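Asker: Okay, predicted coordinates and the sequence, questions at the end:
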Protein chains: 2
Amino acid sequence: MTLDPDAQKPRLDMETLVSLCKRRGFIFQSSEIYGGLQGAWDYGPLGVEMTANIKRAWWRAMVQERDDIVGIDASILMHPQVWKASGHVDTFVDPMVDCRNCQSRFREDELQSDVCPTCGQRGQFTEPRMFNLMLRTFLGPVQDDAATVYLRPETAQGIFVNFENVLNSMRRKLPFGIAQIGKSFRNEITPRNFIFRVRELEQMEMEYFCYPETSLALHEQWIEERRNWYARFGLKMENLRVRAHAKEELSHYSQATSDFEYLFPMGWGELEGVAHRGAYDLTQHASSSGKQISYFDEERKEHIVPHVIEPALGVGRCMLAFMTDAYDEEIDEKGEKRVVLHLHPALAPIKVAVLPLSRNEKLTPKAREVHALVRKHWMTQYDDAQSIGRRYRRQDEIGTPLCVTVDFQTVEEDNAVTIRERDSMAQVRVPVAGLVDALRDRLPDVV
Amino acid sequence: MTLDPDAQKPRLDMETLVSLCKRRGFIFQSSEIYGGLQGAWDYGPLGVEMTANIKRAWWRAMVQERDDIVGIDASILMHPQVWKASGHVDTFVDPMVDCRNCQSRFREDELQSDVCPTCGQRGQFTEPRMFNLMLRTFLGPVQDDAATVYLRPETAQGIFVNFENVLNSMRRKLPFGIAQIGKSFRNEITPRNFIFRVRELEQMEMEYFCYPETSLALHEQWIEERRNWYARFGLKMENLRVRAHAKEELSHYSQATSDFEYLFPMGWGELEGVAHRGAYDLTQHASSSGKQISYFDEERKEHIVPHVIEPALGVGRCMLAFMTDAYDEEIDEKGEKRVVLHLHPALAPIKVAVLPLSRNEKLTPKAREVHALVRKHWMTQYDDAQSIGRRYRRQDEIGTPLCVTVDFQTVEEDNAVTIRERDSMAQVRVPVAGLVDALRDRLPDVV
């Protein structure tokens, strides 16, 4: 924990978080035994549960709870013409310079001065060259230009090229949205900051199609919807801010974009973008494919090319924000340090841990029975190694909201167990028969 | 529906299924507006819900309900040395021949005779050449050999290279398993049969690490576990068979493999493989990385390289099997054809449809209220277009197990609604206050 010069309060440093993530099975370096692969990370047993929870929370809010949005899952490999039409072949580029002295390569817009960060030589940079960020591969048994396809750099285009298919199969009326979660790939020149800037990322994007005249108001409305989503899952609002893009930093497809920025361990950084893409993408694909791509308005008796509002974020950055936000180091009643992740129960990888007071032939069968009961409903852990105090700490550190303890009173007297709450550390005794209901009451918004 | 010469009963033909999938938003051709991309498919609004249900059902059985299996989610891009060590660079190949007359390219083992299927010329094939099925891309700003990486052809290697990380962070004891769901890519020479043979696929793989002396029994046990899983979700056992691989068809890593084969529309085909991979992969990675990769047995005081049993299947094939199995054409009481998908409720994309008897200002507010109530718990649809009979048929065709109908009696008399069951078409009236519980009782194994 260091003092943040910006927020003037202690803040988690990245090293502490990376270490916790590896030690407790949230995130590992990809291909670590071979020295790793830059810009790629593997989600461990707890990480995969947490990202699944984030995706489910987003899908629930975006698709299940709404009448006007449906989902799709388009393939990562698409026809190469998609990326010519979308503008990505020509304009999804970063300016790149080389140091003539040491051959290191940098993104020009990230250099602070004309001194090479690697070798320290001044003024040795080449002129900037434009570098396309799309990864390429070759389909079919012949490796030539005709077979070149790209790994998608955003999921959004899979939505645009399916606009007519969704419209026809789902009988939609404007305004309506199409949501998607999936992997994208970007050949970042300098991946860094743990899972913040990576080459392989999972995105959650939603394209909301609307009448052009309503698009500005809907852009504002989606910014509020998304802010409410973060609040619903407990993100501290003082660590979140909205910043409208200046005209010169807008993407090639965007009329207006506002970023949600979060106070990550390395400082403020983009968490989510809410872009106004106008009619750009549908128009480009209609013109490039020669197909009609539009919405027929029954009342106005005219074809309309809808405008598009797009809230889009990465699952990894979202997890990084929620982990950073939830991390705390507290001093307990015995004066000992307690590391705790105050994760919202819906996002916590493990909902309930079942702990016999000690590893004992009387307690074990009962504890196993209680575990089997709870496991049907939620992701759980069973832990009987070491002292009960250390086991509570282990669960605190991974954000488990509730622990259920089975003790001698359970088996000898009352067939009741203790529920211990992570945040308050309060304990309450409940009969085993009412346990599932008692847990459900303490796990709001958990499905 | 055609008569299956094998099973001697009517069977769904692929064309009917492909058409239903497109028309009702299950599956679209990838990049269709640009003429499609061979071997790639997009899952539409209903398809994405169904594949999510399949993945959830698998994860629930594999991870949540068991003490001995945890999940991970490794990156698609891995260090290239992974694929040298695993044997895929050298041996993940298909024999390929060209027709000298028309230049068409085929997998040699799929040719039925020496006559070219494209141009009809006999005996014009080149000698077979070995063709590697891994897709390649280039990471970083320089495209040279050093930067070549592969898109993984199987998710399994992401598990093997993380064996030590999972062991250490999760404190596991043998036997234990690691499960993973994710995309893999194979440069198939001839993709075909809809979503059966594709170039981009989503896999569900689990590697079960065990003592070598228990591995044969566990191989048998996992075949039974997997059979039970298909039975649990309603697959007809007469359409499923197990076939042990002959020695010469085993993959390079396998000591023994049994395939589950399903009676797809085009005939029997592989649905899932349960492979005995022995100690092959962990041994190869230990030797290639120079790292110790093993399990220390506390009681025996020795390091053990576990053997591995691997049940592995594709999400797409699994969906194709469940769709084929569920499809039926019935004649209703009026002598009209009813197309119905008898999907298990856990797999059905939509669990409950809410239907006002007609579009009417009295009924609509109540129906919307009922819909809002139900939508909190399950994926739903609201439909008020056309006659109630046609709307029931629309829900039957996408496999929705329950319809809730709001009629005039609801608003004028009893505040009760009708639940109509897809399979029996039986209707029962329940008060709105008890609706959620009544639906839950009729949706077994739905979470």
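Answerer: Thanks, I have the structure now.
Asker: only C-alpha atoms for contact and neighbour calcs from this point on.
Answerer: Fine.
Asker: Are we agreed that residue A:413 is in a helix?
Answerer: Yes: Residue A:413: assigned to a helix according to DSSP: H, G, I helix; E, B strand; the rest coil.
Asker: State the mean pLDDT of the lengthiest helix in chain A.
Answerer: As assigned by DSSP state H, the longest helix anywhere in chain A is helix A:215-232. Averaged across helix A:215-232, pLDDT comes to 98.
Asker: who's in contact with that helix?
Answerer: A:61, A:237, A:258, A:274, A:275, A:276, A:278, A:307, A:308, A:309, A:311 (C-alpha atoms under 8 Å, 6 or more residues apart in numbering or on different chains).
Asker: Columns neighbour count and pLDDT on top of the residues you listed, output as a markdown table?
Answerer: Converted to a markdown table, the contacts of helix A:215-232 look like this (neighbours: other C-alpha atoms under 10 Å in any protein chain shown; pLDDT from 0 to 100):
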| residue | neighbour count | pLDDT |
| --- | --- | --- |
| A:61 | 15 | 97 |
| A:237 | 12 | 98 |
| A:258 | 21 | 97 |
| A:274 | 25 | 98 |
| A:275 | 26 | 97 |
| A:276 | 25 | 97 |
| A:278 | 23 | 97 |
| A:307 | 24 | 98 |
| A:308 | 29 | 98 |
| A:309 | 29 | 98 |
| A:311 | 25 | 98 |
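Asker: closest to residue A:159 among the residues you listed?
Answerer: Comparing these against residue A:159 with C-alpha to C-alpha places residue A:308 closest, at 11.2 Å.
Asker: nearest residue to the closest one other than its sequence neighbours?
Answerer: Spatial nearest neighbour of residue A:308, excluding adjacent residues (C-alpha to C-alpha, 6 or more residues apart in numbering or on different chains): residue A:209 at 4.7 Å.
Asker: same deal with residue A:22?
Answerer: Residue nearest to residue A:22 in three dimensions, not counting chain neighbours: residue A:28, with 5.4 Å by C-alpha to C-alpha, 6+ apart.
Asker: you'd agree that neighbour is in a helix?
Answerer: No: membership of residue A:28 in a helix is not supported by three-state DSSP, which gives strand.
Asker: who's in contact with it?
Answerer: Residues near residue A:28 by C-alpha under 8 Å, 6+ apart: A:21, A:22, A:41, A:42, A:43, A:44, B:165.
Asker: partners of the fourth one in the sheet?
Answerer: The partner list for residue A:42 in beta bridges (DSSP bridges) reads residue A:28.
Asker: which residues does it contact?
Answerer: Applying C-alpha under 8 Å, 6+ apart to residue A:42 gives the contacts A:27, A:28, A:29, A:30, B:72, B:73, B:74, B:75.
Asker: rewinding a little: just put the contacts of helix A:215-232 in a markdown table and tack on secondary structure and distance to residue A:336.
Answerer: Shown next, in a markdown table, are the contacts of helix A:215-232 (DSSP: H, G, I helix; E, B strand; the rest coil; distance: C-alpha to C-alpha, whole Å):
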| residue | secondary structure | distance to residue A:336 |
| --- | --- | --- |
| A:61 | helix | 39 |
| A:237 | helix | 29 |
| A:258 | strand | 43 |
| A:274 | strand | 43 |
| A:275 | strand | 47 |
| A:276 | strand | 50 |
| A:278 | strand | 56 |
| A:307 | strand | 56 |
| A:308 | strand | 53 |
| A:309 | strand | 49 |
| A:311 | strand | 43 |
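Asker: Kindly indicate which of these lies nearest chain B.
Answerer: residue A:61 (10.0 Å; C-alpha to the nearest C-alpha).
Asker: Counting neighbours, what do you get for whichever residue of the stretch 51-200 of chain A sits closest to chain B?
Answerer: Closest residue of the stretch 51-200 of chain A to chain B, C-alpha to the nearest C-alpha: residue A:74 (4.1 Å). Burial measure for residue A:74: 28 neighbouring residues, criterion other C-alpha atoms under 10 Å in any protein chain shown.
Asker: And residue A:156, by the same measure?
Answerer: Neighbours around residue A:156, by other C-alpha under 10 Å: 24.
Asker: what about it, distance to residue A:279?
Answerer: Distance, residue A:156 to residue A:279, using C-alpha to C-alpha, to the nearest Å: 14 Å.
Asker: residues bridging contact with these two, i.e. touching both?
Answerer: By C-alpha under 8 Å, 6+ apart, no residue touches both residue A:156 and residue A:279.
Asker: got the residues of the stretch 151-300 of chain A near chain B?
Answerer: With C-alpha under 8 Å from any C-alpha of the partner chain as the criterion, the stretch 151-300 of chain A meets chain B at residues A:158, A:161-162, A:165-166, A:168-170, A:187-189, A:200, A:289, A:291.
Asker: one step back: sort out which residues of the longest helix of chain A are buried, please.
Answerer: Going by neighbour count (16 or more other C-alpha atoms under 10 Å in any protein chain shown), the buried part of helix A:215-232 is A:215, A:218, A:219, A:222, A:223, A:226, A:227, A:230.
Asker: circling back: same list, the contacts of residue A:28, but as TSV with pLDDT and distance to residue B:365 please.
Answerer: Formatted as TSV, the contacts of residue A:28 follow (pLDDT from 0 to 100; distance: C-alpha to C-alpha, whole Å):
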residue	pLDDT	distance to residue B:365
A:21	98	49
A:22	98	52
A:41	98	49
A:42	98	48
A:43	98	45
A:44	98	47
B:165	97	55
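Asker: Could I get the contacting residues of the residue of the stretch 301-447 of chain A found nearest chain B?
Answerer: The minimum distance from the stretch 301-447 of chain A to chain B, using C-alpha to the nearest C-alpha, falls at residue A:379 (5.6 Å). By C-alpha under 8 Å, 6+ apart, the contact set of residue A:379 is A:349, A:350, A:351, A:352, B:64.
Asker: which of the contacts of residue A:28 has the most neighbours?
Answerer: Ranking the contacts of residue A:28 using other C-alpha under 10 Å puts residue A:44 first, with 29 neighbours.
Asker: So that residue versus residue A:344, what's the distance?
Answerer: Counting by C-alpha to C-alpha, the separation of residue A:44 from residue A:344 is 20 Å.
Asker: before we move on, what about residue A:288?
Answerer: Counting by C-alpha to C-alpha, the gap from residue A:288 to residue A:344 is 46 Å.
Asker: Just want to know which of those two has more residues nearby.
Answerer: Per other C-alpha under 10 Å, whichever of residue A:288 and residue A:344 has more neighbours is residue A:344, with 21 against 16.
Asker: just checking, the more buried one is part of a strand?
Answerer: No: in this structure, residue A:344 is coil, not part of a strand, as judged by three-state DSSP.
Asker: hmm, back to that, spatially nearest residue to the residue of the stretch 51-200 of chain A closest to chain B, not counting backbone neighbours?
Answerer: In space, residue A:74 is closest to residue B:42, 4.1 Å off (C-alpha to C-alpha, 6+ apart).
Asker: From residue B:221, how far off is the spatially closest residue to residue A:134 that is not a sequence neighbour?
Answerer: Leaving out its chain neighbours, the residue that sits closest to residue A:134 by C-alpha to C-alpha, 6+ apart is residue A:186, at 5.5 Å. Computed as C-alpha to C-alpha, the residue A:186 to residue B:221 distance reads 42 Å.
Asker: Using the record's domain definitions, break chain A down for me.
Answerer: The record's domain parsing of chain A by automatic domain parsing lists A:2-79+A:153-323, A:350-441.
Asker: Give me the phi and psi angles of the residue of the stretch 301-447 of chain A closest to chain B.
Answerer: phi -70, psi 130 (degrees, to the nearest 10).
Asker: In chain A, what residue spans correspond to helices?
Answerer: For chain A, the helices defined by DSSP H occupy A:14-23, A:45-59, A:81-85, A:88-91, A:156-160, A:163-170, A:215-232, A:280-289, A:315-326, A:363-375, A:388-397, A:408-409, A:435-441.
Asker: is chain B contacted by the third one?
Answerer: Meaning helix A:81-85. Yes: applying C-alpha under 8 Å from any C-alpha, one finds helix A:81-85 in contact with chain B at A:81, A:82.
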